[in-house]
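K.L.:
The sequence and its predicted three-dimensional model are supplied below.
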Amino acid sequence: MRLGVYNAILHDRSLPEAIKVIADLGLTGIELNSGGFLPATHIPNFDEILESDEARDAFLAQFEGTGVSIAGLNCNGNPLHPDRAIGEKHAEDIRRSIRLAARLGQDRVVTMSGLPGGEPGASTVNWVVNAWNSAALDVIDYQLDVAAKFWAEIDELAREHGVKVALELHPQNVAFNPANFRELIERAGTTNIGVELDASHLFWQQMDPVAVVRDLGKWVFHAAAKDVRVNPAAAIYGVLDNQFRKLSADEPRTNLGGDEWANEWPKNSAWDFVALGRGHDTEFWTEFLRALHEVDPEMWVNIEHEDTSLGRIEGLEVAAKVLTDADADAALKASL
């Protein structure tokens with residue numbers, strides 16, 4: 001497998017500095033954020049690269065001799081948001097990222113399927129968690145139709161540019177598990193829309209990421225290495241724990257587009273994002289990599305560090321050790 005890092009955790013430093021961090025970890029790829037919820041911090045001349053071969057070549061020259069290459073683009077966001085100031089901006093970021101990927105010789109763009117409102121004219125998103133009543137199924141049917149129209153358009157653009165788009169199976173999206181992903185691509189009739197297999201969001205939904213890889217097979221285009229620890233509080237609050245706190249304008253907070261902001265994580269949380277190995281051991285990650293290898297031995301598997309108990313570099317070091325050990329174990333098992 002090809003192992004790298006998603007660069008959001010390294011947005012505090014320049015691209016050359018981020019590349020050096022990754023090389024020092026013994027990894028070989030950097031997945032670059034190109035829009036969506038987060039800015040394209042390491043691609044400051046995005047527009048210029050789209051138009052100028054000279055700008056493109058100068059950008060790519062930063063990777064020469066480093067042992068690190070671009071490992072896909074990432075523009076996670078909500079392209080279906082009913083507030084079009086958010087939705088259309090994120091949708092255009094996907095289109096631009098596809099064009100940029102082609103310019104940079106890349107063939108993977110990671111994003112999310114998005115989530116519209118529950119009916120025409122809605123002003124906010126509506127995520128149906130459990131559709132036990134008929135009205136909820138009507139909402140899902142409407143949302144899938146909205147999503148299918150959008151993703152059919154994006155699929156055509158991706159095909160034109162030789163790019164595959166990998167949707168993260170992320171809650172608060174139309175596609176957050178294999179069943180609704182398949183429903184989406186069947187309705188849309190797509191060929192170049194697949195999945196980014198991020199194990200973390202499957203863990204807390206009580207899914208088995210290895211089983212999901214084998215279920216989806218060829219539709220797994222890309223992968224993220226991020227762990228989850230389910231805490232004792234889950235016995236009381238369940239994994240749908242919703243004890244978030246809305247942050248005020250004078251507190252540090254992350255903008256998600258328009259006037260939407262990330263909330264403060266629950267204090268006594270049912271589960272947490274943790275560095276690799278702190279939720280599931282190296283043996284699990286070995287089996288995860290083996291399953292991905294069965295799909296595509298050349299697939300990028302990129303660390304996403306969101307463990308708030310560890311520093312930026314410390315967390316990457318912990319994760320890289322587990323991931324590289326797992327990769328070595330997977331290779332050994334494959335040779336036996």
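P.N.:
Cool, got the structure. Bear in mind the structure is a predicted one, so any value in this text is a computation, not a measurement. Numbers count the residues shown, from 1 in each chain.
K.L.:
Quick one: mean pLDDT over stretch 99-114.
P.N.:
The pLDDT scores in stretch 99-114 average 98.
K.L.:
tell me which residues of it are tucked away?
P.N.:
Using 16 or more other C-beta atoms under 10 Å as the test for burial, stretch 99-114 gives 99-104, 106, 108-114. Every C-beta, even on glycine, is put in place using the N, C-alpha and C of the backbone.
K.L.:
burial of Leu60, as a residue count?
P.N.:
Residues near Leu60, counting by other C-beta atoms under 10 Å, number 15.
K.L.:
So which elements touch the host helix or strand of it?
P.N.:
Element membership for Leu60, per DSSP states H and E: helix 53-61. If you count contacts as 3 or more C-beta pairs under 8 Å, 6 or more residues apart in numbering; DSSP states H and E, helix 53-61 packs onto helix 46-51.
K.L.:
So which bits of the helix it packs on are buried?
P.N.:
Phe46, Ile49.
K.L.:
just so I have it, where are all the strands in the stretch 151-300 of the chain?
P.N.:
Secondary structure of the stretch 151-300 of the chain, counting by DSSP state E, counting those that start in this stretch: strands at 164-168, 193-198, 220-225, 227-230, 255-257, 260-261, 271-274, 300-303.
K.L.:
brain fart, the stretch 1-150 of the chain
P.N.:
Along the stretch 1-150 of the chain, counting by DSSP E, counting those that start in this stretch, strands occupy 2-6, 29-33, 69-74, 108-111.
K.L.:
out of those, nearest to Leu157?
P.N.:
Of all the strands of the stretch 1-150 of the chain, strand 108-111 sits nearest to Leu157, with 10.2 Å by C-beta to C-beta.
K.L.:
In PDB, list the C-alpha atoms belonging to the closest one.
P.N.:
Taking C-alpha atoms only, strand 108-111 is exported to PDB below (Å, rounded to 0.1, in the frame of the first residue of the first chain):
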ATOM      1  CA  ARG A 108      -8.300  11.000  -6.900                       C
ATOM      2  CA  VAL A 109     -10.500  13.700  -5.300                       C
ATOM      3  CA  VAL A 110     -12.000  13.000  -1.800                       C
ATOM      4  CA  THR A 111     -15.200  14.700  -0.700                       C
END
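K.L.:
distance of the residue lying closest to Arg13 once chain neighbours are set aside from Thr66?
P.N.:
Spatial nearest neighbour of Arg13, excluding adjacent residues (C-beta to C-beta, 6 or more residues apart in numbering): Val21 at 7.6 Å. Using C-beta to C-beta, to the nearest Å, we find Val21 at a distance of 11 Å from Thr66.
K.L.:
Between these two, point out the one with more neighbours.
P.N.:
Taking neighbours as other C-beta under 10 Å, Val21 and Thr66 compare with Val21 leading, 20 against 14.
K.L.:
Wait, the more buried one touches Ile313, no?
P.N.:
Yes - contact criterion C-beta atoms under 8 Å: Val21 and Ile313 qualify, at 6.6 Å.
K.L.:
For the closest residue to Thr41 other than its chain neighbours, give me the pLDDT.
P.N.:
Sequence neighbours aside, His11 is the residue nearest to Thr41 in space, at 4.4 Å (criterion: C-beta to C-beta, 6+ apart). Note on His11: pLDDT of 97.
K.L.:
Touching, His11 and Leu38? I think so.
P.N.:
Yes - with contacts counted by C-beta under 8 Å, His11 reaches Leu38, the gap being 7.4 Å.
K.L.:
Would you reformat the strands of the stretch 151-300 of the chain as JSON lines and include mean pLDDT, distance to Glu294 and mean neighbour count?
P.N.:
Below are the strands of the stretch 151-300 of the chain laid out as JSON lines (pLDDT from 0 to 100; distance: least, C-beta to C-beta, whole Å; neighbours: other C-beta atoms under 10 Å):
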{"stretch": "strand 164-168", "mean pLDDT": "98", "distance to Glu294": "17", "mean neighbour count": "25"}
{"stretch": "strand 193-198", "mean pLDDT": "98", "distance to Glu294": "12", "mean neighbour count": "24"}
{"stretch": "strand 220-225", "mean pLDDT": "98", "distance to Glu294": "10", "mean neighbour count": "25"}
{"stretch": "strand 227-230", "mean pLDDT": "97", "distance to Glu294": "21", "mean neighbour count": "20"}
{"stretch": "strand 255-257", "mean pLDDT": "92", "distance to Glu294": "35", "mean neighbour count": "16"}
{"stretch": "strand 260-261", "mean pLDDT": "93", "distance to Glu294": "39", "mean neighbour count": "16"}
{"stretch": "strand 271-274", "mean pLDDT": "97", "distance to Glu294": "26", "mean neighbour count": "21"}
{"stretch": "strand 300-303", "mean pLDDT": "98", "distance to Glu294": "13", "mean neighbour count": "26"}
